[in-house]
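>>> need a structure here:
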Amino acid sequence: MPFVRIDTLRAGPERLAALGRAVHDAMTETIGIPPDDRFQVLVDHDGTSGTLRCDDYLGVHRDEGIVFVAITLRAGRTPAQKRALYRRTAELAHAYAGTEPRNVFVVLTENGSADWSLGEGEAQYLEP
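Sure thing, here's the model as predicted:
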């Protein structure tokens, strides 16, 4: 049950939706997320009332095409699975939305089963 937030700068609704599809498809292909397990917040900043900032940290040149992808998910994926997720996300963001792979910034935050309520005020991942 990943929770995904994607932030872009002046991407427009079609590109933003394509990025959401890219991230979801990458997660289903690489870390075993079910196809109907989609929970995303997609935000396009206009550059005036909201914007994004980035530098060329670690020698990766980023520009206004930057896409910040924050994924919160339960712990348990291997480093190899995470690397595959990052790679596939960048590939699909390029294929679906034209985003340069250098502009795909992904961060994972892991937590435990007790940290989720999927509705109804319940902790569905915990034993009753």
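>>> in the protein, which spans are strands?
3-9, 40-45, 67-74, 104-111 (DSSP state E).
>>> what's across from the residue nearest the centre of the chain in the sheet?
With distances taken as C-alpha atoms, centre = their mean, the residue of the chain nearest its centroid is residue 69 (3.6 Å). Taking DSSP bridges as the rule, residue 69 bridges to residue 6, residue 106.
>>> can you pull the pLDDT of it?
Residue 69 carries a pLDDT value of 98.
>>> What of the one 10 residues further on?
The score at residue 79 is 97. That number is its pLDDT.
>>> and the gap between it and residue 116?
Shown here: residue 79 relative to residue 116, a distance of 23 Å by C-beta to C-beta, to the nearest Å. Placement of C-beta: from N, CA and C, glycine included.
>>> correct me, but residue 19 touches residue 66?
No: taking contacts as C-beta atoms under 8 Å, residue 19 lies outside contact range of residue 66: 11.5 Å.
>>> And for residue 11, the neighbour number?
Residue 11 is flanked by 24 other residues according to other C-beta atoms under 10 Å.
>>> So it sits against residue 43, correct?
No: between residue 11 and residue 43 there is no contact, the gap being 9.6 Å when judged by C-beta under 8 Å.
>>> Just to check, residue 3 is in contact with residue 73?
Yes: taking contacts as C-beta under 8 Å, residue 3 lies within contact range of residue 73: 7.5 Å.
>>> And the two? Which one has more around it.
residue 73 (19 against 14).
>>> quick revisit: tell me which of residue 79 and residue 116 has more neighbours.
Neighbour count, other C-beta under 10 Å: between residue 79 and residue 116, residue 116 has more, with 17 against 7.
>>> How about the more buried one: what's its closest non-neighbour residue?
residue 125 (5.4 Å; C-beta to C-beta, 6 or more residues apart in numbering).
>>> Over to residue 124?
That would be residue 118: by C-beta to C-beta, 6+ apart, it lies 4.9 Å from residue 124.
>>> and what of residue 115?
Once flanking residues are discounted, residue 115 sits nearest to residue 74: 7.8 Å by C-beta to C-beta, 6+ apart.
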